[in-house]
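> Kindly generate the corresponding structure for this input.
(one chain, ligands or ions: 1)
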Amino acid sequence: MTAQVLDGKATAAVIKAELTDRVAALATRGVRPGLATLLVGEDPGSQWYVTGKHKDCAEVGIASIREDLPADATQEQIEDAVRRLNDDPQCTGFIVQLPLPKGIDTHRVLELIDPAKDADGLHPTNLGRLVLRVNEPVDTPLPCTPRGIVELLSRHGIDLHGADVVVVGRGVTVGRTIGLLLTRREVNATVTLTHTGTEDLAEHTRNADVVIAAAGVPSVITADIVKPGAVVVDVGVSRLEDPETGRSRVVGDVDPGVQEIAAWVSPNPGGVGPMTRAMLLQNVVEMAERRLG
Ligand SMILES: Nc1nc2c(c(=O)[nH]1)N[C@@H](CN(C=O)c1ccc(C(=O)N[C@@H](CCC(=O)O)C(=O)O)cc1)CN2
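Below is the predicted model of the structure:
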C-alpha cells in the first residue's frame, strides 16, 4: 500500500480562492482587512516566512504592513512596535514572527498584543476562550497550524469523530494547542499528547488512528511504530545540509518508509506549512467580518 497524499499546497490554493471572494465582499461594505507582521532579526527562515505572508495577502487582496527591527532590538523597542500596531487603524490583525531573539521575553511581547488583533490566535485571552468554550462556536482567532491541520484532514474527508489521535511534541504553536481544537465537540477526537518525557512513544503511536508529528526530530516516526491504515501528519521542520549541493533542505519528522504502511500522509514540505499560511489569512478575514457584525 502507498499512502494517499494530504495535499496542503492544493488545499491552501482552494482556501485562498474562497478568501479572495470574501475579501471582495468586505470591500463592497467599505472594509479592507490589513495584516501586519513584526519581524525581529535576520534569521533567513523567518524572513522567508514573513515575505510569504505578504505575498499571500497580496494574492487575496488583504493590505499588508511590515515592521522589521534589527536583531539587537531591545525588549522596550519590540514592545513599542506592538503598541504601534495595536493603535494602527490600517492594521486589523498582526503577528509577531517567532522565535524572537534570545534574551527577549516572548510571553511579555505576545501578551501585549490586543486580543482583537491577534491574527495568530496565540494570545492567552484567545487561548483561554478556546479552553472555556468547548460546546459553543468560538468567535476568536484560532492558532494557525492546529487549525490548518484540522482543515486539511476535513477537506480530505477524514472524520476524526472518536478517533485516537497521538500528538508528538509539546511546542506552543502546535503540540500544546492542537488538542484544544481536536477535543471540541464538533471534532470529538481523543487526544494523547506525547513529548520528550514520554517513556514509550511507540506504544502510543502503534495504537493511534492519527499521528501528528511536531517534534522537530527528523524521522522520529518510522513505519514500525505506525498502525497500518493510520493517518500521519508531518509538522516537524528540520533543516539538513545536502552534502552534494551544500544547500539546506527541509525534512520532516516522518520517515519516508511510513508511506508504505499509512493510509494518508501529509508531505513536508507541501503539507501543513501552506495550510498554516492559509489559516492566517482566514483568521484576518474572519476578524474583519466579525467587526462588521
Ligand atoms: N508568529 C508565528 N511564528 C511562527 C509560526 C506561526 O504560525 N506564527 N509558525 C512557524 C513558521 N511559519 C509561519 O510563521 C511557517 C512555517 C512553514 C511554512 C511553509 O509553508 N513551509 C513550506 C516549506 C518551506 C521551506 O522550504 O522552508 C512547506 O511546508 O511547504 C509556512 C509558515 C514558526 N514561527
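
> Now do the residue in the stretch 151-293 of the chain that the ligand sits nearest to: how many residues are near it, please.
Going by C-beta to the nearest ligand atom, the ligand is nearest to G273 of the stretch 151-293 of the chain, at 2.1 Å. In this view, the C-beta of every residue, glycine as well, is placed from N, C-alpha and C. Residues lying near G273 (other C-beta atoms under 10 Å) number 24.

> Kindly report the same for H107.
So H107, with other C-beta under 10 Å, has 10 neighbours.

> can you pull the contacts of the nearest residue to R129 once chain neighbours are set aside?
With C-beta to C-beta, 6 or more residues apart in numbering as the measure, T140 is the residue that lies nearest to R129, at 4.8 Å, once sequence neighbours are left out. Contact analysis of T140 by C-beta atoms under 8 Å, 6 or more residues apart in numbering lists P115, G121, T125, N126, R129, L130.

> show me what contacts the residue of the stretch 151-293 of the chain closest to the ligand?
G8, V237.

> Try it again at 7 Å.
G8 (C-beta atoms under 7 Å, 6 or more residues apart in numbering).

> Could you number the chain from 51 rather than 1 from now on?
In the new numbering, first residue 51, that becomes G323.

> Now it: which helix or strand?
helix 322-342 (DSSP states H and E).

> ok, and for that helix, which residues are buried?
For helix 322-342, the neighbour count (16 or more other C-beta atoms under 10 Å) marks 322-339 as buried.

> One more: stretch 301-311?
Neighbour-count burial for stretch 301-311 [16+ other C-beta under 10 Å]: V301, G302, D303, V304, D305, V308, Q309, I311.

> next one: stretch 258-266
Applying a neighbour-count criterion of 16+ other C-beta under 10 Å, one finds A258, D259, V260, V261, I262, A263, A264, A265, G266 buried in stretch 258-266.

> before we move on, what about stretch 135-145?
Neighbour-count burial for stretch 135-145, with 16+ other C-beta under 10 Å as criterion, is recorded at L135, C141, T142, G143, F144, I145.

> quick one: contacts for the residue lying closest to L251 once chain neighbours are set aside?
Distances taken as C-beta to C-beta, 6+ apart place T244 nearest to L251, at 5.7 Å, with adjacent residues excluded. With contact set as C-beta under 7 Å, 6+ apart, T244 has these partners: V216, V217, V218, L251, H254.
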